[in-house]
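*Asks:* Fold the following for me, if possible:
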Amino acid sequence: MPSLDVDPPDTAQRRGAADRRDRRPAVSRVRHRAGRAFLAAFVLAFVAMGSWSMATPLFGAPDEPVHVIKAAAVVRGEIVGHLVGGSTDPTAAVTVPAFYAGTRNIPACFHRQPTVPASCAPPAGGGGAPTVVDIYNARYPPLYYAIVGLPSLLGASDAELYLMRLVSAALSAFFVAAAVATAVAWSRSRLVLAGVVVAATPMVLFTGGVVNPVGLEASAGIAVWTAGAVLALEHLDDPPPGLVAVLAGCACVLELVRSLSPFWLALTAVVLLGVCDARRLRSFVAARSTRMGLAAVVAAGVVAIIWILKEHAFDVFSTTPVGYSVPESTILETSFSHNDYYLPDMVGVFGWFDTYAPTFTYVVWYAMVGFVSLAAAVVGRLRQAVVLALFAVAIVVVPVAISSSQVHRYGFTWAGKDTLAFAVGLPILAAALLGTSALDRHRARIVGSVGLLAFLAQVAAFFEMLRRYAVGTAGPDFGFLAHPAWRPPVSLPGVFAVEGAALGAFAVLAYTLARAGVGTVVAPPEMQRSRPDEDDGGPQGAR
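*Replies:* Got it, this is the predicted structure:
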């Protein structure tokens, strides 16, 4: 009888073990590369956000005085404080050192007055005597404040305030770096890095570098979207436990940052389900790592929702409610017209919403988002194109719906930054979809071009913010660097040079990682053989 060419069981087992041993060095190299990418991205993102920390006058960011006070109160055990106006009033009295309590009115002289430099502000003072002060963000979730407020326990001076900002910058930089490392470790295309670069708008860096939970929410959103897109488009059949853990961990943090964070995470899940292959979901759900990750996310979500409902965390401070006599059509029209402000704010409107970036910054950013989104819609499947289109519409419509539903109680209080945790996903998801197409062979060119444009737009925005606080928007365009009315703790040219160097290095890092080729912790051999190679090459076997 003819013999069948089939290995005996013991031979097959030995061959499988040998294959696993052969793959270990490659897996180790990829993990090492991802670790180095995380470290480099963290340092550069922290320096970039830390430069915003130094370049922005103390309390020169939206609501920063009350965020500082709440952080100082939370680390001293006053999680909410003593409610002032009843169970649904957002205001509460907390006891903090006089130095922190006296910060409420420091930015009053330049608040919403862009022509006035920050030199008019008095220095903070007051010492460490316990002082009672009212804040209107008392009911906000406490996680962010419990971490950022730790430096306030060291004393009561400007140094502690800057340390609080730097802790906030470190938190946000961690999640931006996690997004970069996720792309390196688990994506078979580095094109998703272009999405991360576009998602990290000047507003993300600005809010990340001051005491405001928006920065952490947006940065955690970048990490969630990156891990979620890579998982949904590339690894549903056999989800890597490490990738699932990154996604679940970032999602848990995101849920606990702000009142609307669980809502944004739910919308993120809906969008990702819309672009993935439904036939492969069963394998994803059946994985043990998936079930553990979902359990953690659900548990964190339950904690977040209990806090939100119990503490009425949706209630916000406002003195301009809209009367019930105003027609709903007028309210909707007004809400839609506010998109003229919401959209630029997601790119960057600095200070107390009084300092716009140069027009060049907005044009470049809209062009980058438009390019990756339209390209992904053109080369992707019809269903994915429809999801991307609905995603873009939701970024505009959902804030209008939320704002319109609350105007009779709070007025029009929405800002573009409040949508960032959701909106950052559009360029990331679009870039991830591009990575599954033939355009992946041009990934280095695309990531390099996006990095260069983002660098120029970021530098222009940072320069304009420096000018606004140094001499006001009516001051000289360049002379302020040598003769400012206000200056940060470090020199103006120095902080500008550091920011430019960090932004440039981040762009170079993204380009280098994109050019380095494909290599993932879990890429199956058949997929590695079928992927296009470097930017100008063909299949790996043709090299």
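*Asks:* which residues are contacting stretch 263-279?
*Replies:* Taking contacts as CB atoms under 8 Å, 6 or more residues apart in numbering, the residues outside stretch 263-279 that touch it are 217, 221, 224-225, 228-229, 231-233, 236, 251, 254-255, 281, 297, 301, 383-384, 387-388, 390-391, 394, 398, 421-422, 425, 429, 433. C-beta coordinates here come from the backbone N, C-alpha and C atoms, glycine included.
*Asks:* got it, and stretch 499-512?
*Replies:* Contacts with stretch 499-512, where a contact means CB under 8 Å, 6+ apart, come from 37, 40-41, 44-45, 47-48, 51-52, 55, 180, 193-194, 196-197, 444, 447-448, 450-452, 454-455, 458-459, 462.
*Asks:* quick one: buried residues of stretch 234-254?
*Replies:* Under the neighbour-count criterion of 16 or more other CB atoms under 10 Å, stretch 234-254 has 234-236, 239-240, 242-244, 246-254 buried.
*Asks:* How about stretch 29-44?
*Replies:* For stretch 29-44, the buried set under the neighbour-count rule, 16+ other CB under 10 Å, comprises V30, R33, A34, A37, F38, A40, A41, F42, V43, L44.
*Asks:* Q458 touches L205, doesn't it?
*Replies:* Yes: Q458 lies in contact with L205 (CB atoms under 8 Å); the separation is 7.2 Å.
*Asks:* shared neighbours of those two, anything?
*Replies:* With contacts taken as CB under 8 Å, 6+ apart, Q458 and L205 have A48 as neighbours in common.
*Asks:* gap between the two ends of stretch 126-140?
*Replies:* 26 Å (CA to CA, to the nearest Å).
*Asks:* And stretch 278-289, by the same measure?
*Replies:* This stretch, stretch 278-289, spans 19 Å end to end (CA to CA).
*Asks:* Quick check: mean pLDDT of that stretch?
*Replies:* Per-residue confidence for stretch 278-289 averages out to 88 on the pLDDT scale.
*Asks:* Which parts of that stretch count as buried, going by neighbours?
*Replies:* For stretch 278-289, burial by neighbour count (16+ other CB under 10 Å) applies to F284, A287, S289.
*Asks:* Could you do stretch 320-335 as well?
*Replies:* Buried residues in stretch 320-335, counted by 16+ other CB under 10 Å: V322, I331, T334, S335.
*Asks:* any idea whether the last one is helix, strand or coil?
*Replies:* The one in question is S335. Secondary structure, DSSP: H, G, I helix; E, B strand; the rest coil: S335 is helix.
*Asks:* Can you tell me the closest non-neighbouring residue to it?
*Replies:* Spatially, and ignoring its direct neighbours in sequence, S335 is nearest to V400 (4.3 Å; CB to CB, 6 or more residues apart in numbering).
*Asks:* which stretch of helix or strand covers that neighbour?
*Replies:* The secondary structure element spanning V400 is helix 382-410 (assigned by DSSP states H and E).
*Asks:* Ok, A93 next?
*Replies:* Secondary structure here is read from DSSP H and E; on that basis A93 sits in strand 92-97.
*Asks:* after that strand, next one along is what?
*Replies:* From strand 92-97 onward toward the C-terminus, using DSSP H and E, the following helix or strand is helix 98-101.
*Asks:* Nearest the geometric middle of the chain, what residue?
*Replies:* Here the mean C-alpha position of the chain is nearest to the C-alpha of S219 (CA atoms, centre = their mean), at a distance of 2.2 Å.
*Asks:* Quick one: the helices in the stretch 101-250 of the chain, in order.
*Replies:* 143-148, 158-186, 192-199, 202-208, 213-234, 241-255 (DSSP state H, counting those that start in this stretch).
*Asks:* Give the other helices and strands that the longest one contacts.
*Replies:* The one in question is helix 158-186. Packing contacts for helix 158-186, counted by 3 or more CB pairs under 8 Å, 6 or more residues apart in numbering; DSSP states H and E, involve helix 9-55, helix 64-74, helix 143-148, helix 192-199, helix 202-208, helix 213-234, helix 241-255, helix 492-515.
*Asks:* Give the buried residues for that helix.
*Replies:* 160-186.
*Asks:* That one to helix 213-234, inter-axis angle?
*Replies:* Angle, helix 158-186 to helix 213-234, by axes from the mean of the first three to the mean of the last three CA atoms, to 10 degrees: 0 degrees.
*Asks:* distance of the residue nearest to the centre of the chain from M465?
*Replies:* The spacing between S219 and M465, counted by CB to CB, to the nearest Å, is 19 Å.
*Asks:* Kindly report the same for A101.
*Replies:* From A101 over to M465 the distance is 28 Å, taken as CB to CB.
*Asks:* What ranges in the stretch 101-250 of the chain fall below the confidence cut-off?
*Replies:* Applying pLDDT under 70 to the stretch 101-250 of the chain picks out no residues at all.
*Asks:* count of residues packed around A266?
*Replies:* With neighbours defined by other CB atoms under 10 Å, the count for A266 comes to 12.
*Asks:* In terms of helices and strands, where is it?
*Replies:* Taking DSSP H and E as the criterion, the element that holds A266 is helix 261-275.
*Asks:* what residues are up against the closest residue to A45 other than its chain neighbours?
*Replies:* Residue nearest to A45 in three dimensions, not counting chain neighbours: A173, with 3.8 Å by CB to CB, 6+ apart. With contact taken as CB under 8 Å, 6+ apart, A173 is in contact with A41, F42, A45, F46, A48, M49, G208, S219.
*Asks:* Wait, the fifth one touches L205, no?
*Replies:* Spelled out, it's A48. Yes: with contact taken as CB under 8 Å, A48 and L205 are classed as touching, separated by 5.5 Å.
*Asks:* Touching both of these two, which residues are there?
*Replies:* Residues within reach of A48 and of L205 at once, by CB under 8 Å, 6+ apart, are Q458.
*Asks:* pLDDT of the helix or strand following the helix holding V400, averaged?
*Replies:* Later in the chain than helix 382-410, the nearest helix or strand by DSSP H and E is helix 420-423. Predicted confidence along helix 420-423 averages 97 (mean pLDDT).
*Asks:* could you check the angle helix 192-199 makes with the helix or strand following helix 420-423?
*Replies:* Of the helices and strands lying after helix 420-423 in sequence (DSSP H and E), the nearest is helix 425-434. In terms of direction (the same axes, to 10 degrees), helix 425-434 departs from helix 192-199 by 160 degrees.
*Asks:* Other residues contacting helix 425-434?
*Replies:* Applying CB under 8 Å, 6+ apart, the contact partners of helix 425-434 are 179, 187, 189, 191-196, 198-199, 221-222, 225-226, 229-230, 233, 268, 271-272, 275, 368-369, 372-373, 375-377, 379-380, 384, 388, 391-392, 395, 440, 446.
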